[in-house]
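1. pasting a predicted model and its sequence here:
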Amino acid sequence: MDLLSEISFPYRLMEINNGDVFFALECKELSSFGSEDNLSGTFEIIYKCNGMDCHFECDISIGNIYYFYLELDTAYDIMFCKNAKAVLSSYNNDRTDLLMEFDDKCNCTASGKIKNKSDQYRSGIEFTMNVGQSDVCDTLVSIDKFLKEMHRIKGDMDFF
């Protein structure tokens, strides 16, 4: 499988900046594994608040990103203002949990608990922040571009 990508890395999948708090999710690099040419990514969280500047690897997969994209797209486009939500979480553990929730007034809130992979998940962050509508739209566009590139590289959308 040719891992040459038309997007540059690190690739920012999500960025939320509400002035007081900054949160970003990036794919740092791609790799292939196994005999079936599976794709894997290394993902990093960036969180800045009250003088804190955290950068750490988190435990999610391209498949987790894919499901989050489907839920966020549905929550934003179809269920907008109907108490909808999208969840980004790692498989079968509590190492990465990010919730984006829309209330009945169309406000969006992001909250999460994300543990740091580089120190064996002993530390991490827990946060809640308001999310602007433009941040949601930008996230959808960015993840869509990322998934289309993964599809181009892999030849299918089977990321599991």
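-> Received the coordinates, thanks.
2. what is the longest helix along the chain packed up against?
-> Counting by DSSP state H, the longest helix found in the chain is helix 133-154. On a contact count with 3 or more Cβ pairs under 8 Å, 6 or more residues apart in numbering; DSSP states H and E, helix 133-154 meets strand 11-17, strand 38-49, helix 62-77, strand 108-115. C-beta: built from backbone N, CA, C; applies to glycine.
3. for T128, which of those is the nearest?
-> Closest approach to T128 among the helices and strands packed on helix 133-154 (Cβ to Cβ): strand 108-115, 4.2 Å.
4. by contact count, what packs against that closest one?
-> Strand 108-115 packs on strand 52-58, strand 96-102, strand 124-131, helix 133-154, going by 3+ Cβ pairs under 8 Å, 6+ apart.
5. relative to N64, which of those is closest?
-> Once the helices and strands packed on strand 108-115 are compared by Cβ to Cβ, strand 96-102 is nearest, at 7.6 Å.
6. direction included, what does the closest one pair against?
-> Applying DSSP bridges to the sheet, strand 96-102 is found paired with strand 85-89 (antiparallel), strand 108-115 (antiparallel).
7. and those as JSON lines, adding mean pLDDT, distance to N17 and mean neighbour count?
-> Below are those laid out as JSON lines (pLDDT from 0 to 100; distance: least, Cβ to Cβ, whole Å; neighbours: other Cβ atoms under 10 Å):
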{"stretch": "strand 85-89", "mean pLDDT": "93", "distance to N17": "18", "mean neighbour count": "20"}
{"stretch": "strand 108-115", "mean pLDDT": "92", "distance to N17": "12", "mean neighbour count": "20"}
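8. including distance to A84, could the helices and strands packed on helix 133-154 go into TSV?
-> Formatted as TSV, those follow (distance: least, Cβ to Cβ, whole Å):
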stretch	distance to A84
strand 11-17	17
strand 38-49	23
helix 62-77	4
strand 108-115	10
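9. please name whichever of these is nearest to D97.
-> strand 108-115 (5.1 Å).
10. and for that closest one, what's in contact with it?
-> With contact meaning Cβ atoms under 8 Å, 6 or more residues apart in numbering, strand 108-115 is reached by 16, 23, 45, 47, 56, 58-59, 88, 94-103, 121-133, 135-136.
11. can you select the buried ones among these for me in PyMOL?
-> Buried subset of those, written as a PyMOL selection, criterion 16 or more other Cβ atoms under 10 Å:
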select buried, resi 16+23+45+47+56+58+59+88+95+96+97+98+100+101+102+121+124+125+129+131+135+136
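12. if anything else comes up later, I'll come back, but that's it for now.
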